[in-house]
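1. Sequence first, then the predicted structure, then my questions.
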Amino acid sequence: MKYFLSLLLMFSSTAFAKPVLIASDIWCPYICEGHTGYVTELTRRALEEMDQQVHFLAVPFNRALKEVEQGNIDAILAITPTHVAQYKLFTDNLIIGYTSNDFYTTAESTWSFNQLNNIDTVQVGIIQGYDYGEKLNDKIAHSTDFYAATGNQPLLLNLERLVKGRFDVVLGNKVVIQYTAKQSGLMDKVKYAGSFGEPSPLYVGFSQGSIEVAKLYSQGIEKLKNSGEFQQILDKYQVENIDNVPPLSQ
């Protein structure tokens with residue numbers, strides 16, 4: 001926390017004379033370590049195109065939401081429409097990807113997801129502050145069988161806990177779970193067990209005090225699209241066209 005506060009003080013000069021301060025947790029391939037990931041790179045390059053320097057902070061997602069709501073930071077990466085409404089953020093309606101609700105178990109498990117009440121028979125690892133949609137959010141709020149991870153890499157923590165038998169199922173985004181499992185050597189220890197609902201759009205959310213920055217970001221994204229760099233960054237992370245809604249995970 002002291003490190004986070006010191007950074008805020010370091011950049012507490014007038015708007016645009018300082019780097020744009022953006023935060024999120026690690027959610028690769030959207031947001032990866034070392035300020036990489038396709039959403040991170042698109043955001044940085046879009047603002048650089050508009051002569052704005054960017055400083056990224058890796059912090060727990062729930063804390064990042066509170067900081068951007070209070071205006072202590074300029075933006076947060078990869079948020080859903082629910083986050084936008086709840087924390088009164090500005091997005092300029094610029095979609096930067098989609099997320100889905102996918103379930104993973106250990107490789108030897110026989111559990112699978114077919115309908116919502118299947119969850120009543122298992123303990124589920126989730127991430128604190130994430131939006132899983134109205135029905136799952138309600139389920140989580142009224143159950144003691146969900147275990148919320150925090151920290152800068154909460155999904156990795158959940159996968160490690162899953163294979164150790166701390167709970168039965170991990171709920172998250174299929175793309176992120178598979179990427180994280182592969183990178184951490186856990187892919188052969190987990191398996192896909194089903195999905196719920198339709199994919200939800202993701203945005204970069206800006207505080208109400210940083211709407212001008214958000215407009216610059218949108219203009220920068222348009223420049224990247226026109227130059228072809230936008231697609232180059234997507235290709236680097238093997239991400240398909242994010243202007244189209246993807247099919248429900250299978």
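-> Right, received. Where do you want to start? Owing to the predicted nature of the structure, the values given are computational and were not obtained by experimental measurement. Numbering: from 1, shown residues only.
2. What's the biggest strand in this structure, counting residues?
-> Counting residues, the longest strand found in the chain (DSSP state E) is strand 190-206.
3. quick check: mean pLDDT across that one?
-> Across strand 190-206, pLDDT averages out at 96.
4. wait, doesn't Leu171 sit right on Asn118?
-> No: counting by C-beta atoms under 8 Å, Leu171 stays clear of Asn118, with 11.8 Å between them. Using the backbone N, CA and C atoms, a C-beta is placed for each residue, glycine as well.
5. of those two, who's got more company?
-> Each of Leu171 and Asn118 has its neighbours counted (other C-beta atoms under 10 Å); Leu171 has more, 23 against 16.
6. Now that one, what are its backbone angles?
-> Dihedral angles of Leu171 (phi, psi; degrees, to the nearest 10) stand at phi -110, psi 130.
7. and it, what is it in contact with?
-> The contact partners of Leu171, taken as C-beta atoms under 8 Å, 6 or more residues apart in numbering, are Asn101, Asp102, Phe103, Val124, Gly125, Ile126, Tyr132, Leu136.
8. what do you get for Ile95?
-> Pro201, Leu202, Tyr203, Ile242, Asp243.
9. Make a PyMOL selection of whichever of the residues you listed turn out to be buried.
-> The PyMOL selection below is limited to those of the contacts of Ile95 classed as buried (16 or more other C-beta atoms under 10 Å):
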select buried, resi 201+202+203+242
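10. Please tabulate the contacts of Ile95 in a markdown table, including the columns distance to Gly97.
-> Shown next, in a markdown table, are the contacts of Ile95 (distance: C-beta to C-beta, whole Å):
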| residue | distance to Gly97 |
| --- | --- |
| Pro201 | 8 |
| Leu202 | 4 |
| Tyr203 | 9 |
| Ile242 | 5 |
| Asp243 | 10 |
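11. Tally up the residues packed near Leu94, please.
-> For Leu94, the neighbour count with other C-beta under 10 Å is 14.
12. Assign a three-state SS to the residue nearest to it when sequence neighbours are not counted, would you?
-> Distances taken as C-beta to C-beta, 6 or more residues apart in numbering place Ser218 nearest to Leu94, at 5.4 Å, with adjacent residues excluded. Recorded secondary structure, Ser218: helix (DSSP: H, G, I helix; E, B strand; the rest coil).
13. so where do the strands sit in the chain?
-> Remark: strands assigned in the chain by DSSP E are 20-24, 54-58, 75-79, 95-106, 124-127, 146-149, 169-172, 190-206.
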